[in-house]
Structure formats: C-alpha cells, structure tokens
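A.B. asks: Next one to model:
(one chain, ligands or ions: 1)
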Amino acid sequence: MHSFKTIGVVGVGAMGKGIVQIAAQAGLTVLIHDQQLSALHAAREALEKTWQTLVAKGKLTDVAAAGALGRVHIAQTLGELADCDLVIEAIIERLDAKQALFQALEAVVSPQCVLVSNTSSLSITAIASACAKPERVAGYHFFNPVPLMKVVEVIDGLRSDPAAGDALMSLTQTLGHTAVRAKDMPGFIVNHAGRGLGTEGLRAVQEGVTSFEGVDAIMREQCGFRMGPFELMDLTGVDVSHPVMESIYHQFYEEPRFRPSPITAQRVAGGLFGRKVGVGFYDYPDGKKRESPLTEIPTPDHLPPVWISPAHAQGHAMAVQLFKALGVTIQTGSHPEAESLIVVTPFGQDISTAISQQGLDAARTVGVDTFGTILPAKRRTLMVSPATTQQWRDAAHALLARDQVGVTVIQDSPGFVAQRILATIVNIACEIAQQQIATPADIDRAVSLGLNYPAGPLALGDTLGAKQIFEILTNMQAVTGDPRYRPSLWLQRRVQLGLSLLQPAATT
Ligand SMILES: NC(=O)c1ccc[n+]([C@@H]2O[C@H](COP(=O)([O-])OP(=O)(O)OC[C@H]3O[C@@H](n4cnc5c(N)ncnc54)[C@H](O)[C@@H]3O)[C@@H](O)[C@H]2O)c1
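C.D. replies: Have a look, this model is predicted:
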C-alpha cells in the first residue's frame, strides 16, 4: 500500500495552489514546482496570506498556520521532486504538455512514486500512454476553489494499478475531502452529470418556451436549485462552459443527450462571457447582477371557476389540492362547462398534444406544472398553447398568484421547464450508472458535492418518482421525435422492476 507523506505539486495556478493549501494544512510535506519561478514565489506568498486570514477569522491557530507554511518548499527544478511519494500535476490543459511532464517526472522519481493529473477533460489513459510505467498514473480531479469544494474524483485509467487509486481514496480522507471513484470516461462523473442542467435549459430557451431568466427562476424557486443554468454559466464563464459542452458531445460521438446550443456559441463569439466581463446572459453593472422588474399580476374583472382535466391522475389530484388551497371554485363533472377555465396537468406532453388528444377548447386551456416541487414551492409554472387567448391566460395567472407565490408563464413545451430539466438530469445520471462509470452512491455524492444540487440525481429521481421521470421522458420523445429524450436502460429497468435508482445490480 502506498503511503503519501511527501508530495510534489507541479503547476501552482488556481488549482495547484488550492491543492497545496489543503495538503500542507493536513500535515503533508509539499514540494511545489512551476515552469515560472515567479509563480512559485507568488503562490507561497498567497498561501501565507490565506493562512493569516484564516488565523484572523479564528479558523486556524497561529501554530497550525506556521506549521503549514513551513511544510511548503519551493523546488526550482523538477529534479528536486526525486523523493516525492506522489506528484500531482496541475499544469496547462494540453495533452502534449502533460505527457512531456510525466515523462520527465518518471526520469526523476522512484519507481514506487504515483503520478496523478488534475485534468478536467483529458483522458488519463492517454496521458499515461507516454509513461514507461503507465500503471502508476491515475486521475485526481479537484474542483475550484479546492478548499471549499469538498469532493475529489479518483480516476482509474485503463492501465492504472487499482492500488494507486485505493491509496488516493484514503489520502483524500486525510485532506478532509470526499473521494469518489470513476472510470476514465469523458467528463468523469461531475462534468458528465452536469450536462443536463445547461443543455436542457438552453434547449427550452431555443424553442422559445421562456427567457433565460424564466428558466433560472423556475429552477431556483420551483425546484430548489441554488442557481439556474444561465446564472451558473455566467458565473463559470460561457467561454469555459461552451467548450466543455462541445467536448463532451464530441467525445461521446455526437450523443444527442449532450447536443450543445448555438446560443452559447454566439455568446462566446460576441465576447458575452458572463460576470467576468460584466455582461453575459445578464448584465452586471458594478459587478452586481441587474434584476428585471417583477412581472405584474393581471387583475381581470371576473375570475372563472376551473375545470381540471382528469386525464393525468397524479397531476389532477395535485392540481385539485392546489386550486382548493387557493380558494378557487372547482367545477366537477366529466366535461368543462362553457364559462370554466380548463386546466391540464401533463407529464412530458405539451398542451397542444393534450388539447388535441382530449378534444378540449384550446382558447381557454392552460397547463399547470404539478411536478418537481421538492421544497414548498416559491414559484409556479403556467403554460399556454399557441391558441390560448389573453383573457384566459390572465385569468389563470391571477388565480395561481392568489397567495402571492410567483408565477412564470411559459409557451407550450413538452415537460414545461422543471419536468424536462429534472428528467434530463436524472436520465444522464442513470446512464452514467448504466455505463458503470461510477457506483450509484458515488454518482450522487459527486453531484451533490461537486454541483451543489439540492440532492444527488438518483436520489432526486427516487424522490420525484422514477416512474414519473420515465413517463416524462417517453412523452417528450414522442412529442418531439428527438432521441435526446430516450430513457436510459438503467431507468427503464428499475421502473419495470420497481427498484430504487440507487440500487446496483444484485450480482455483477
Ligand atoms: N480552473 C478550474 O476551475 C479547474 C478545475 C478542475 C481542474 N482544472 C485543471 O487543473 C489544471 C490547472 O488549471 P488551473 O486553472 O490551475 O490553471 P492555471 O493557468 O491557473 O495554472 C497553471 C499553472 O501551470 C504552470 N504551467 C503551465 N505549463 C507548465 C509546465 N509544462 N510545467 C510546469 N508548470 C507549468 C503555469 O505557469 C501556471 O502557474 C488544468 O489541467 C485544468 O484543466 C481546472
């Protein structure tokens, strides 16, 4: 079993510095090397400042801070890393540069030394292919900022010795982080699982369903996400997010589930990168996001009774409960009366399809999303068809906003906004499990810690109902004809067998 006491970190930019910080704080001796000598001195000074700040905040003692700094040593040449048990590479994201570095390291370190890469997007197997001992190479993928993002992906390349990965798993514990284990596949776990939110949000906007802000508000206030996809892209930088979307799409040979959008390509071309340049999907005058004025709630003279279509039993029950709580008169009976607002509650269907299948009066039919409320909702989604008239749209809006909960009115969409995005996120996680890239438990751990979603995607699927997620995807595929919505076999089989999405196969 490897034991890591003295480690080398090569490349002390944003990531390397963070890795050095947590390693030195955990008691390891850390040798730092960078092709730029000035970066080495700057990194050590920046770390000293960070530790002083932590002391001032009472988060670290003087003694611990001095100890950590005393354990960080500058290695001006690669040769000075000879005694390291482990070298973590965090240099520029280029295969040729990483391969050259690993070759040079092999000429210096002991035969037992483990070499790992912090790459986000390159293949560990490809990096290792340049080495005389590819079995000593693994992936060790931290997230930015390293001290705060408490998850690390340990990646086994095709020729990695599992013992190296095992040792990295236990080192991660020493560092105070959570390790998850992944196969060397594009995006590993987190960057693979993270495709759903952005690509499906973009797809909904591209279809004209609602605005960027509309999608973000629904994901935050209806679904409990910390940020919607467009706020997140503005924070990460659209110039960073768009190439990742393209790269994962191409690496999976044009998998339709990951199809990127011309919307972000345009924004990259135009330099609208997000917060860092002051303009992205939102404007950031003085660094702060400019909020749009709130939508006014219509005040029609007359509020009609509602007739709720029984076609979707679960949606019907939820909508009855909602409108009752709002004090709205509900018209019972098998057909809507002439003066009633007609409400449909489809899962994965658009309302045009529901109207045509159920033979409803299109002018006064609206859709209400009764799915995806994992917290007491602060927002509701109201959907109209191309035939819904303003009068009935306003009436529905006023009724749904009676208790001052925000209402987002969207155009017709298979799966509203919340359904389609949540189902996509769950489906992609199911596919990661199906491809055995990681265990279901590690997929959920990685996503909740690495992406800060309100829950792991497989647990989320269980909570929302795997059967319902399957129904949403199947209906979306039927309405759109788009294979991006085809359900993963992991999802399909667990629904067929009545198993949890977190359930691994009984025997493997
Ligand atoms: N920034 C992120 O959010 C993030 C997150 C996870 C992983 N990563 C990965 O971590 C790695 C580093 O990213 P970063 O954001 O810290 O980059 P960075 O540009 O901030 O730092 C890179 C450092 O490496 C040095 N360097 C470049 N080529 C070198 C070489 N051949 N030999 C020695 N030093 C060299 C540079 O001088 C610089 O100090 C990349 O592989 C990146 O994909 C980045």
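A.B. asks: So what's the residue count around the residue of the stretch 151-300 of the chain found nearest the ligand?
C.D. replies: Ranked by C-beta to the nearest ligand atom, the top residue of the stretch 151-300 of the chain for proximity to the ligand is residue 240, at 7.6 Å. The C-beta positions use only the backbone N, C-alpha and C, and glycine is treated the same way. Around residue 240 there are 15 other residues, counting by other C-beta atoms under 10 Å.
A.B. asks: Quick check: which element contains it?
C.D. replies: helix 238-251 (DSSP states H and E).
A.B. asks: Just the buried residues of that helix, please?
C.D. replies: Across helix 238-251, burial judged by 16 or more other C-beta atoms under 10 Å covers 238, 239, 241, 242, 244, 245, 246, 247, 248, 249, 251.
A.B. asks: and what of stretch 397-404?
C.D. replies: 397, 398, 399, 400, 401.
A.B. asks: any idea how far the first one is from residue 151?
C.D. replies: As defined by C-beta to C-beta, to the nearest Å, residue 397 lies at a distance of 41 Å from residue 151.
A.B. asks: before we move on, what about the second one?
C.D. replies: Distance, residue 398 to residue 151, using C-beta to C-beta: 45 Å.
A.B. asks: picking that back up, state the next helix or strand along the chain beyond the helix holding residue 240.
C.D. replies: Next along from helix 238-251, by DSSP H and E: helix 262-270.
A.B. asks: Same list, the buried residues of helix 238-251, but as JSON lines with distance to residue 58 and pLDDT please.
C.D. replies: JSON lines is the format used below for the buried residues of helix 238-251 (distance: C-beta to C-beta, whole Å; pLDDT from 0 to 100):
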{"residue": "238", "distance to residue 58": "38", "pLDDT": "97"}
{"residue": "239", "distance to residue 58": "38", "pLDDT": "96"}
{"residue": "241", "distance to residue 58": "36", "pLDDT": "95"}
{"residue": "242", "distance to residue 58": "41", "pLDDT": "97"}
{"residue": "244", "distance to residue 58": "38", "pLDDT": "93"}
{"residue": "245", "distance to residue 58": "42", "pLDDT": "96"}
{"residue": "246", "distance to residue 58": "45", "pLDDT": "96"}
{"residue": "247", "distance to residue 58": "42", "pLDDT": "94"}
{"residue": "248", "distance to residue 58": "42", "pLDDT": "96"}
{"residue": "249", "distance to residue 58": "46", "pLDDT": "97"}
{"residue": "251", "distance to residue 58": "45", "pLDDT": "96"}
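A.B. asks: For the ligand, give me its nearest residue in the stretch 401-508 of the chain.
C.D. replies: Closest point on the stretch 401-508 of the chain to the ligand, by C-beta to the nearest ligand atom, is residue 450, at 10.0 Å.
A.B. asks: Tell me how many other residues crowd that residue.
C.D. replies: With other C-beta under 10 Å as criterion, residue 450 counts 23.
A.B. asks: Quick check: closest non-adjacent residue to it.
C.D. replies: Spatial nearest neighbour of residue 450, chain neighbours left out: residue 190 (3.8 Å); criterion: C-beta to C-beta, 6 or more residues apart in numbering.
A.B. asks: Residue 210 too?
C.D. replies: Nearest to residue 210 is residue 410, by C-beta to C-beta, 6+ apart, at 4.3 Å.
A.B. asks: ok, now residue 329?
C.D. replies: residue 305 (4.0 Å).
A.B. asks: again with residue 474
C.D. replies: That would be residue 487: by C-beta to C-beta, 6+ apart, it lies 6.3 Å from residue 474.
A.B. asks: what's the answer for residue 140, then?
C.D. replies: With C-beta to C-beta, 6+ apart, the residue lying closest to residue 140 is residue 116, at 3.9 Å.
A.B. asks: pretty sure that neighbour is touching residue 139, no?
C.D. replies: Yes - in this structure, residue 116 is within contact of residue 139 by C-beta atoms under 8 Å, at 6.5 Å.
A.B. asks: In terms of secondary structure, what does the lengthiest helix in the chain contact?
C.D. replies: In the chain, taking DSSP state H as the definition, the longest helix is helix 37-56. Judged by 3 or more C-beta pairs under 8 Å, 6 or more residues apart in numbering; DSSP states H and E, the packing partners of helix 37-56 are helix 14-25, strand 29-33, helix 62-70, strand 72-74.
A.B. asks: quick one: contacts of the third one?
C.D. replies: Spelled out, that is helix 62-70. 21, 24, 25, 27, 44, 47, 48, 51, 52, 54, 55, 60 (C-beta atoms under 8 Å, 6 or more residues apart in numbering).
A.B. asks: Dump those to JSON lines, plus neighbour count.
C.D. replies: Supplementary listing: those in JSON lines, determined by neighbours: other C-beta atoms under 10 Å:
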{"residue": "21", "neighbour count": "23"}
{"residue": "24", "neighbour count": "25"}
{"residue": "25", "neighbour count": "21"}
{"residue": "27", "neighbour count": "13"}
{"residue": "44", "neighbour count": "18"}
{"residue": "47", "neighbour count": "23"}
{"residue": "48", "neighbour count": "15"}
{"residue": "51", "neighbour count": "23"}
{"residue": "52", "neighbour count": "14"}
{"residue": "54", "neighbour count": "18"}
{"residue": "55", "neighbour count": "16"}
{"residue": "60", "neighbour count": "19"}
